[in-house]
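Undergrad: fold the following and give me the result.
(2 chains)
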Number of protein chains: 2
Amino acid sequence: MENNTNQQQTQAPAAYVYSPDQLLQSWLGHRRITRRLIEAFPEDKLFTYSVGGMRPFADMVKEIISMSGPGVRGLVTDNWAPIAGLDHHTGKITAATKAELLQLWDDATNEIITYWPQISLQRFQENVLAFGQYEGVANSILQYIIDNEIHHRGQGYVYLRSLGIEPPAFYDRS
Amino acid sequence: MENNTNQQQTQAPAAYVYSPDQLLQSWLGHRRITRRLIEAFPEDKLFTYSVGGMRPFADMVKEIISMSGPGVRGLVTDNWAPIAGLDHHTGKITAATKAELLQLWDDATNEIITYWPQISLQRFQENVLAFGQYEGVANSILQYIIDNEIHHRGQGYVYLRSLGIEPPAFYDRS
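TA: Alright, predicted model coming up:
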């Protein structure tokens, strides 16, 4: 059998909580669920529907996108610039259809997959100033980005249920 | 200065995604938010209020409790027995007041804090059959338990908002 272990994994010690690739695969599994949730929303409800005065799910997705790809890229390059047209802090968000939102989602996933293997094991333990404003150990910055996605996606589940739509299974990461 | 590093941390290699204690502290931060969410619910609404036909938040909390303490204890001891009176699979759940639920919550937190330092670094990478039915690498079992808490707590945020109550801040892990 060929050795498919990548450079990052061979740097990992024999015993560890996570290999970098394990954490990445866990996140990508979550992103597949979130993508299915976006797809499950009716087009108009995705951008307009609200429960309890909260943001429409599309706005939560835009926030998730703006933190995810740029967050991983920033950890590698120290370039924390937002995606063009996708800075939720300045309101420069252009996705107005489900197809556009899914395209931005996939672009962010590709950015994560591209940059993640370039995060050195040492980097996970370094203090960083993420996006020029959030100070913390790199692993906690990544965990915040992942947890924030799970948090808002859970809210999207309630939106779907209250629309009478069965959401995708939480446990299915395929 | 005294050396407060515990035994588990000194086993950790020089470079790693997480130390076991970093992952524990991240989880405990989440548990402090979830506890504040339980407290923020009016007593009756905690056990009865629903959006979209979903479970009351107390039922979600009971599920989280039943997976958390017993999950960590199981990884250490291979004893996957449910907490007495708290097996959501058999419906043996006894908490009927907010105070009782918070007590069970704190008991589970104490169980996590007690057993977590006994998880060896090797153990995080072993295949386990959690609760006699969920097969996976130990770190993925723990991550599932943590993520499931974030997922359902996000749903609790929507419940609170739709009740006109301001939820605790997601970013405040104190």
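Undergrad: so the most centrally placed residue in chain A versus chain B, what's the distance?
TA: In chain A, the centroid-proximal residue (CA atoms, centre = their mean) is residue A:68; its distance is 4.1 Å. As judged by CB to the nearest CB, to the nearest Å, residue A:68 and chain B stand 16 Å apart. For the C-beta atoms, the positions are set from N, CA and C on the backbone; glycine is no exception.
Undergrad: surely that residue is in a helix?
TA: Yes - looking at residue A:68 with DSSP: H, G, I helix; E, B strand; the rest coil, it is inside a helix.
Undergrad: touching, residue A:31 and residue A:109? I think so.
TA: Yes - counting by CB atoms under 8 Å, residue A:109 is a contact partner of residue A:31 at 5.7 Å.
Undergrad: now the common contact residues for those two.
TA: residue A:68 (CB atoms under 8 Å, 6 or more residues apart in numbering or on different chains).
Undergrad: need phi/psi at residue A:127.
TA: phi -80, psi 130 (degrees, to the nearest 10).
Undergrad: ditto for residue A:95
TA: Torsion angles, degrees, to the nearest 10, at residue A:95: phi -70, psi 120.
Undergrad: stretch A:144-156 close to chain B?
TA: Yes - with CB under 8 Å from any CB of the partner chain as the measure, stretch A:144-156 is seen reaching chain B through A:144, A:147, A:148, A:150, A:151, A:152, A:153, A:154, A:155.
Undergrad: and that stretch, how far out from the chain's middle?
TA: 9 Å (CA atoms, centre = their mean, to the nearest Å).
Undergrad: end to end on stretch A:131-138, go ahead and measure it.
TA: 12 Å (CA to CA, to the nearest Å).
Undergrad: is chain B within reach of that stretch?
TA: Yes - shown here: stretch A:131-138 in contact with chain B (CB under 8 Å from any CB) through residue A:137.
Undergrad: about what we covered before: so what's the residue nearest to the centre of chain A up against?
TA: A:31, A:108, A:109, A:111, A:112, A:145, A:149.
Undergrad: closest one of those residues to residue A:173?
TA: Set against residue A:173, the nearest of the contacts of residue A:68 by CB to CB is residue A:31 (9.4 Å).
Undergrad: helices or strands up against the host helix or strand of the closest one?
TA: Taking DSSP states H and E as the definition, residue A:31 sits inside helix A:20-40. On a contact count with 3 or more CB pairs under 8 Å, 6 or more residues apart in numbering or on different chains; DSSP states H and E, helix A:20-40 meets helix A:7-11, helix A:57-77, helix A:98-115, helix A:138-162, helix B:138-162.
Undergrad: wait, which of those is closest to residue B:131?
TA: helix B:138-162 (8.9 Å).
Undergrad: the inter-axis angle of that closest one versus helix A:20-40?
TA: Angle, helix B:138-162 to helix A:20-40, by axes from the mean of the first three to the mean of the last three CA atoms, to 10 degrees: 40 degrees.
Undergrad: helix B:138-162 versus helix B:98-115: what angle between them?
TA: 160 degrees.
Undergrad: helix B:138-162 and chain A, are they touching?
TA: Yes - against chain A, helix B:138-162 shows contacts by CB under 8 Å from any CB at B:139-140, B:143-144, B:147-148, B:150-155, B:157-162.
Undergrad: which strands or helices does that helix pack on?
TA: For helix B:138-162, the packing partners by 3+ CB pairs under 8 Å, 6+ apart are helix A:20-40, helix A:138-162, helix B:20-40, helix B:57-77, strand B:127-130, strand B:134-137.
Undergrad: if we go to 6 Å?
TA: For helix B:138-162, the elements it packs on are helix A:138-162, helix B:20-40, helix B:57-77, judged by 3 or more CB pairs under 6 Å, 6 or more residues apart in numbering or on different chains; DSSP states H and E.
Undergrad: and the pLDDT at residue A:89?
TA: Each residue has a pLDDT score; the one for residue A:89 is 55.
Undergrad: give me the pLDDT for the closest residue to residue A:57 other than its chain neighbours.
TA: Excluding the flanking residues, the one nearest residue A:57 by CB to CB, 6 or more residues apart in numbering or on different chains is residue A:156, at 4.5 Å. At residue A:156, the pLDDT value in this model is 98.
Undergrad: equivalent analysis for residue A:7, please.
TA: Reading off the model, residue A:7 has pLDDT 44.
Undergrad: which stretches of chain A have low pLDDT?
TA: A:1-14, A:82-93 (pLDDT under 70).
Undergrad: related to what we said a few turns ago, how near is the residue nearest to the centre of chain A to residue B:133?
TA: Relative to residue B:133, residue A:68 is positioned 32 Å away (CB to CB, to the nearest Å).
Undergrad: ditto for residue A:148
TA: 30 Å.
Undergrad: quick one: which of these two has more around it?
TA: residue A:148 (19 against 8; other CB atoms under 10 Å in any protein chain shown).
Undergrad: what about the residue nearest to the centre of chain A, distance to residue B:46?
TA: Counting by CB to CB, the gap from residue A:68 to residue B:46 is 33 Å.
Undergrad: and residue A:119, by the same measure?
TA: Distance from residue A:119 to residue B:46, by CB to CB: 41 Å.
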